[in-house]
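Participant: how would this look folded up:
(chains A, B, C and D)
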Protein chains: 2
Amino acid sequence: MPEAPAANTLPDMATREEERELIHEVADAVGALMEFWGFKRVMGRLWTVLYLTGEPLGAAELCERLAISSGAASMTLADLERWGVVKRSRKPGDRREYFEAETDIWKMVSRVLRERELSQIDRAVEVFDRARERLTRAVPPGEQARVARMVERISRLGDLARVGRGLLTAMVQQHKVDLSPLVRFATGRRR
Amino acid sequence: MPEAPAANTLPDMATREEERELIHEVADAVGALMEFWGFKRVMGRLWTVLYLTGEPLGAAELCERLAISSGAASMTLADLERWGVVKRSRKPGDRREYFEAETDIWKMVSRVLRERELSQIDRAVEVFDRARERLTRAVPPGEQARVARMVERISRLGDLARVGRGLLTAMVQQHKVDLSPLVRFATGRRR
DNA sequence: TAATTGCTTCAAAAGTTTCTGAAACTTCGG
DNA sequence: CCGAAGTTTCAGAAACTTTTGAAGCAATTA
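Facilitator: This is a model prediction of the structure:
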């Protein structure tokens, strides 16, 4: 049964078509951003398709819309689920699983920042602190100045890391807290 | 001539040895951070060795200390120079080039954020805005609600991007501006 | 201007990440 | 239980990134 007869099927189809394309453009943009931030590109694309579509989608449809294999879909969805940004659901009387995007973007971002960026930074800060501490023990005489400079510089690295950490933490634990003046001031843009 | 006779040569050597190791630990930590942020790991390592050593070093020494080939050193140094985080210098009567780390960390970070992260985000924001705009044209009747929700969600993505942009910009154009209370508050740590 | 030293370039090797597709597994209705 | 439909896993393929090392280039000096 190849064709439905209805009156405005064609225009609708064309619109649908365009809508899909728009979704993909946005999905690719998000994919690029996420890749930039160290995630897999597909994760961003897949989540975005779910997020923008709004409806739960099945694995098969996602494969088709993203042009990826079932294996990739399964793995990517597992990743996304582990990050808590996609939820599985079922429709009664349907054996398939459906997937929905977490829609609270802030929740998502917080979790990711907390679990990835922050712990990464913390690891570095620990190395810095430990190195500094070890350096200041048993300084060879005549090397005082040189070692002192080195210690000073390691401290600077630590400061930088802590500032980054601070910004991220601010974002994480207080999206309640008022970041917006900062934002408005900094961007100097509309809205 | 295997041994120097001097009194505290041995302790000194041992200390030097340990110092190198410490530098490498820190360098690796920075390398990991930088890789995480989308740069090449060697870039971070190399810069850190220069930064902590404090003295200009020649390419050969860097090769040895980082265990990389001359080609890699040359390319990495070129990259670092392009990012403005390493400067070339010469000693009179010496044919070799020497390299020094930019020591103003804030200057470095600002430049990088401005040229990389910000433009990346901007690109995404543009896609979002354009998609939203195109979506709101010629909405098929009966699809109003669905499309409205989609537009809404794209706006949310844009908001997120802009907040990120805001934080980064704040870091960039005002390391003069007072970020420190934020930092102290957020980290809740010593110093 | 020939010889030497150091730097850069680049093709190919090595290493890493991501994706595929088919086999194994799970679930569920009959 | 069996078979069908759906999902996961995983070994290998493909794509991509990084590194090497040797050839070529440039600058310097004898």
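
Participant: Now do the strands in chain A.
Facilitator: A:57-58, A:86-90, A:97-101 (DSSP state E).

Participant: ok, which residues in chain A are in contact with DNA strand C?
Facilitator: A:40-42, A:67-72, A:75-76, A:95 (CB under 7 Å from any atom of the strand). C-betas here are computed from N, CA, C, even on glycine.

Participant: mind running it again at 6 Å?
Facilitator: A:40-42, A:68-72, A:95 (CB under 6 Å from any atom of the strand).

Participant: Next, format the strands of chain A as JSON lines and append mean pLDDT and distance to residue A:135.
Facilitator: Conversion of the strands of chain A to JSON lines gives the following (pLDDT from 0 to 100; distance: least, CB to CB, whole Å):
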{"stretch": "strand A:57-58", "mean pLDDT": "97", "distance to residue A:135": "55"}
{"stretch": "strand A:86-90", "mean pLDDT": "95", "distance to residue A:135": "46"}
{"stretch": "strand A:97-101", "mean pLDDT": "97", "distance to residue A:135": "48"}
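
Participant: The residues of chain A next to DNA strand C: which two are farthest apart?
Facilitator: Maximum pairwise distance in those, criterion CB to CB, is 30.2 Å, between A:41 and A:95.

Participant: Neighbour count for those two, which is higher?
Facilitator: For residue A:41 versus residue A:95, neighbours defined as other CB atoms under 10 Å in any protein chain shown are more numerous around residue A:41 (17 against 6).

Participant: And the more buried one, how far from chain B?
Facilitator: Per CB to the nearest CB, to the nearest Å, residue A:41 is found 13 Å from chain B.

Participant: With residue A:53 instead?
Facilitator: Going from residue A:53 to chain B by CB to the nearest CB gives 8 Å.

Participant: who touches that residue in this structure?
Facilitator: Residues near residue A:53 by CB atoms under 8 Å, 6 or more residues apart in numbering or on different chains: residue A:23.

Participant: Tell me the gap between stretch A:79-89 and the middle of its chain.
Facilitator: Distance, stretch centre to chain centre, for stretch A:79-89: 13 Å (CA atoms, centre = their mean, to the nearest Å).

Participant: Stretch A:28-46 now?
Facilitator: 7 Å.

Participant: what about that stretch, start to end distance?
Facilitator: One end of stretch A:28-46 sits 9 Å from the other (CA to CA, to the nearest Å).

Participant: which residues touch stretch A:66-83?
Facilitator: Contacts for stretch A:66-83 (CB under 8 Å, 6+ apart): A:27, A:40, A:42-43, A:45-47, A:49, A:59-60, A:62-63, A:86-88, A:99, A:108, A:111-112.

Participant: rerun that using 6 Å as the cut-off
Facilitator: A:42-43, A:45-47, A:59, A:62-63, A:86, A:99 (CB atoms under 6 Å, 6 or more residues apart in numbering or on different chains).

Participant: So which of these wins on neighbours?
Facilitator: residue A:46 (29 neighbours).

Participant: who's in contact with that one?
Facilitator: residue A:76.

Participant: Closest to the geometric centre of chain A, which residue is that? Let me know.
Facilitator: residue A:34 (5.3 Å; CA atoms, centre = their mean).

Participant: what's the distance between that one and residue B:124?
Facilitator: To residue B:124, residue A:34 is 10 Å away according to CB to CB, to the nearest Å.

Participant: quick one: contacts for residue A:105?
Facilitator: B:156, B:160.

Participant: With residue A:145 instead?
Facilitator: Counting by CB under 6 Å, 6+ apart, there are no residues that residue A:145 touches.

Participant: And for residue A:35?
Facilitator: Per CB under 6 Å, 6+ apart, neighbours of residue A:35: residue A:41.

Participant: Report how many residues lie close to residue A:27.
Facilitator: Using other CB under 10 Å: residue A:27 sits among 25 other residues.

Participant: what about the nearest residue in space to it that is not next to it in sequence, neighbour count?
Facilitator: Excluding its sequence neighbours, the residue lying closest to residue A:27 (CB to CB, 6 or more residues apart in numbering or on different chains) is residue A:48, at 3.9 Å. Using other CB under 10 Å, residue A:48 has 26 neighbouring residues.

Participant: ok, now residue A:133?
Facilitator: 11.

Participant: now swap in residue A:37 and tell me
Facilitator: 18.

Participant: Next, it: phi, psi?
Facilitator: Residue A:37 adopts backbone torsions of phi -90, psi 10, taken as degrees, to the nearest 10.

Participant: Have a look at chain A and report the helix or strand with the lowest mean pLDDT.
Facilitator: Ranked by mean pLDDT, DSSP states H and E, the weakest helix or strand in chain A is helix A:180-187, scoring a mean of 47.

Participant: Please name the nearest non-neighbouring residue to residue A:116.
Facilitator: Leaving out its chain neighbours, residue A:116 is closest to residue A:38 (CB to CB, 6+ apart), at 7.3 Å.

Participant: all helices of chain A, in order?
Facilitator: Under the criterion DSSP state H, helices of chain A are mapped to A:9-36, A:41-53, A:59-66, A:70-82, A:105-112, A:119-135, A:144-173, A:180-187.

Participant: and the angle for the first one with helix B:119-135?
Facilitator: Counting by axes from the mean of the first three to the mean of the last three CA atoms, to 10 degrees, helix A:9-36 lies at 170 degrees to helix B:119-135.

Participant: ok, helix A:9-36 near DNA strand D or not?
Facilitator: No. Using CB under 6 Å from any atom of the strand, helix A:9-36 stays clear of DNA strand D, coming no nearer than 9.2 Å.

Participant: Output the strands of chain A as CSV; include the columns distance to residue A:144.
Facilitator: Formatted as CSV, the strands of chain A follow (distance: least, CB to CB, whole Å):
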stretch, distance to residue A:144
strand A:57-58, 66
strand A:86-90, 57
strand A:97-101, 58
